[in-house]
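1. sequence below, structure please.
(2 chains)
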Amino acid sequence: MQFLLSIGNGISFIMNLFGTSIVVPCIILIISLCMGTGFKKAFQGALYMAVGLTMFNALLGVLLGDISPYVTSMAQTVGISLPYVDVGWQGASVIVYSNQLGYIYLVLGLGVNLLLFGLKLTDTFQPTDIWNYYQFVFWAIIVQFVTGSFWLGIAAAVFMNLIVLLIADIIAPSIQEYYGYEDVTLTSVPQAVAPWAMIMRWVIIKLKIKERNVDPKGLTEKFGFWGEPLTIGLFVGLLVTFLGSLTVLGKASTWTGILGTMLAVSGVMVIYPSVSGLFVKGLIPLSQAMNVKIRSGKSKRKHFNIAMDPAIYFGESGNLTAALILIPIIYFISLVMPGNKILMLADIPAMPFMTVGLIFVFRGNILNTVIGGTIWYSFANVLNSNVCAAFTKAAVAAGVTQKLPAVASAVSKGLGVASWTVGSNPILWVVYKAFSAPGYWKILTIAISIAVYLALYLHFRRHRNAWYKAAGASDEFLAGKQEKAIA
Amino acid sequence: MKKSINIVVACGGGIFTTTVVTDKIDEILRKEKIPHKLSPHKITEVPNITGADLIVCTGKTSAQNKSGAPVMIGLPLFTGVGAEQFTQLLLEKIREIMAED
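-> This is a model prediction of the structure:
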């Protein structure tokens, strides 16, 4: 551990000298080479990553620079105070990996995952999804910025990783059955809602509630508008600028401002995915190398799941329909929800990722998914609002404000950034609270969370099938899987 | 006879799996010396894409293209399971499309 710290200190010295957009890709390059990806692919990937980081900073400057005056005036004119602008999971991933804890955990987490999998303490091989580590490291970084302790942050990251793996183990058979993909599971953002769906499902079965469903045909077309970044950008841009300028609508200059900002917001929304596409290229060679390794040496293990990016679950028709219906519901609730401080924006088109964790538990039931999602995500928004200030600090630490005066001035006025998807995780929110309790209370709260985790973990290991079924898998599927494992 | 094939690759965010599968298809078509153009998209855009000869989605979907481009599920190229069979299918389909016009 001392060794890791001295590496960390050395890195942060170099980091201050060169800035994250150079250092982070270099670290990724070194890890990739150590894991045998080949120099050409790794170098190309790292280069794209550096370019992506640089462009991300530029885009964030455009977005916050243009929209923040309206966010402030919207609070004054109509009293809707949403000071934390949602910069999306793309923004969250960049901010997480640009923080010391974020890039150190890429190395540490890889080690932890290989060890746990090797010792058969988990059935899930997570290094294939290394890019999605940021979903829980985000919360560990919140712990770090709230408590001021790097080591508590590291401890929280490892513990949260264990929780993520436990959920991934439980839901794997259900995912495999629902999607018809062999040996896969989910360790990224959308898995966080699965335990909630399991509770709802349990209640539905216990109370013998008759389930209804809606027919997805035609609905996707009707709601398709909500899935397009361009139209969402125009719509949200118009709403915020209009509400922010209510008192000065008579002036012509107000309207040039409104139209200009609408276009700027839409532009950012449209270009955003390409920029994070560049960023992610740095981690693709590593993930692919791990994939080849695990597939070629495929062991004869009875329980064996490979973590996969959620993009492969996204386009299934039930999921897409449920998500497109949910977007306007959750968006409008977020505007009036007491306690919510997040202006949902960049993550709105990511809704179909967030419904993945519900739809397979509900075996494709769209109505249950919409109801479950509405309750859980509206509630999650309030908890997420609670950590935005700490997340904004993390963004500042990542160097965003140094380069961008627009962001720096927004932050100095009390505005900040949020990620709707990554922050919508009440389970890890509770863990963050446990790790950030005041003074010595921490010892108690951390001990309680570890005890609860261990109890659930041990119960799952003894009664696997009951848990698999609670997550939605059928008896026939589990029996078939068992036969195959024996043969 | 078409001179070049225009392929759209789509996934949830148009990012991670799309990039991996795009690179794989590029590699395959270079090896076969088939002139091609590849562009990344999101699955939500699939119905309204125009001018594509073939669409490869990385995950299960029932999305159809209104302009009539066939949709294939290219998950094997991402996971590596069944990648060889899929490559054969893909090449057959591409040759069929290129022979058409």
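
2. pull the distance from the helix or strand harbouring A:Phe138 to the chain's centre.
-> Counting by DSSP states H and E, the element that carries A:Phe138 is helix A:134-147. Relative to its parent chain, helix A:134-147 has a centroid offset of 12 Å by Cα atoms, centre = their mean, to the nearest Å.

3. which strands or helices does it pack on?
-> The helices and strands touching helix A:134-147, judged by 3 or more Cβ pairs under 8 Å, 6 or more residues apart in numbering or on different chains; DSSP states H and E, are helix A:88-97, helix A:100-118, helix A:150-179, helix A:388-397, helix A:420-423, helix A:426-435. The way it works is simple: take the backbone N, C-alpha and C, and place the C-beta from them, glycine included.

4. out of those helices, which comes closest to chain B?
-> helix A:150-179 (5.7 Å; Cβ to the nearest Cβ).

5. neighbouring contacts of the helix or strand just after the closest one?
-> Moving toward the C-terminus from helix A:150-179, the next helix or strand (DSSP H and E) is strand A:184-185. Outside strand A:184-185, the residues that touch it by Cβ atoms under 8 Å, 6 or more residues apart in numbering or on different chains are A:124, A:168-169, A:171-172, A:175-176, A:305-308, A:312, B:79.

6. which one of those residues sits in the busiest neighbourhood?
-> In terms of neighbours by other Cβ atoms under 10 Å in any protein chain shown, the contacts of strand A:184-185 top out with A:Ile171 at 30 neighbours.

7. just give the nearest non-adjacent residue to residue 29, would you?
-> By default, I'm working from chain A. In space, A:Leu29 comes closest to A:Ala46 once its chain neighbours are excluded; the distance is 4.1 Å by Cβ to Cβ, 6 or more residues apart in numbering or on different chains.

8. if you could check chain B rather than the one you did, that'd help
-> Nearest residue to B:Leu29 in three dimensions, chain neighbours excluded: B:His36, at 4.7 Å (Cβ to Cβ, 6+ apart).

9. from memory the one you found sits against B:Val8, does it?
-> No - contact criterion Cβ atoms under 8 Å: B:His36 and B:Val8 do not qualify, at 11.3 Å.

10. pLDDT value on the one residue in chain A that gets nearest to chain B, please?
-> Closest approach between chain A and chain B, counting by Cβ to the nearest Cβ: A:Phe314, at 2.7 Å. As predicted, A:Phe314 sits at a pLDDT of 85.

11. I'd assumed B:Ile43 was in contact with it.
-> Yes - at 5.9 Å, A:Phe314 counts as touching B:Ile43 under the criterion of Cβ under 8 Å.

12. more neighbours: these two, which one.
-> Set side by side, A:Phe314 and B:Ile43 show more neighbours around A:Phe314, with 30 against 26, by other Cβ under 10 Å.

13. ok, now which ones touch residue 93?
-> You didn't say which chain, so I picked chain A. A:Trp131, A:Tyr134, A:Ser276, A:Phe279, A:Val280, A:Val422.

14. look at chain B instead
-> Counted by Cβ under 8 Å, 6+ apart, B:Lys93 has contacts B:Leu54, B:Pro70, B:Met72.

15. not counting its neighbours along the chain, what's nearest the one residue sitting closest to the centre of chain A?
-> Geometric centre of chain A, nearest residue: A:Val422, 3.2 Å, by Cα atoms, centre = their mean. Closest residue to A:Val422 apart from its sequence neighbours, by Cβ to Cβ, 6+ apart: A:Ala92 at 4.2 Å.

16. number of residues surrounding residue 6?
-> Going with chain A. 10.

17. the chain in question should be chain B.
-> 16.

18. please confirm that it is located within a strand.
-> Yes - counting by DSSP: H, G, I helix; E, B strand; the rest coil, B:Asn6 is part of a strand.

19. my guess is it contacts B:His36, does it?
-> Yes - counting by Cβ under 8 Å, B:His36 is a contact partner of B:Asn6 at 7.4 Å.

20. list the buried ones in stretch A:24-31?
-> For stretch A:24-31, the neighbour count (16 or more other Cβ atoms under 10 Å in any protein chain shown) marks A:Val24, A:Pro25, A:Ile27, A:Ile28, A:Leu29, A:Ile31 as buried.

21. which among those gets closest to A:Met55?
-> Nearest to A:Met55, judged by Cβ to Cβ, of these is A:Pro25 at 13.1 Å.

22. and the next element down the chain from the helix or strand hosting that closest one?
-> Assessed by DSSP H and E, A:Pro25 sits inside helix A:20-34. Past helix A:20-34, further along toward the C-terminus, the next helix or strand under DSSP H and E is helix A:39-77.
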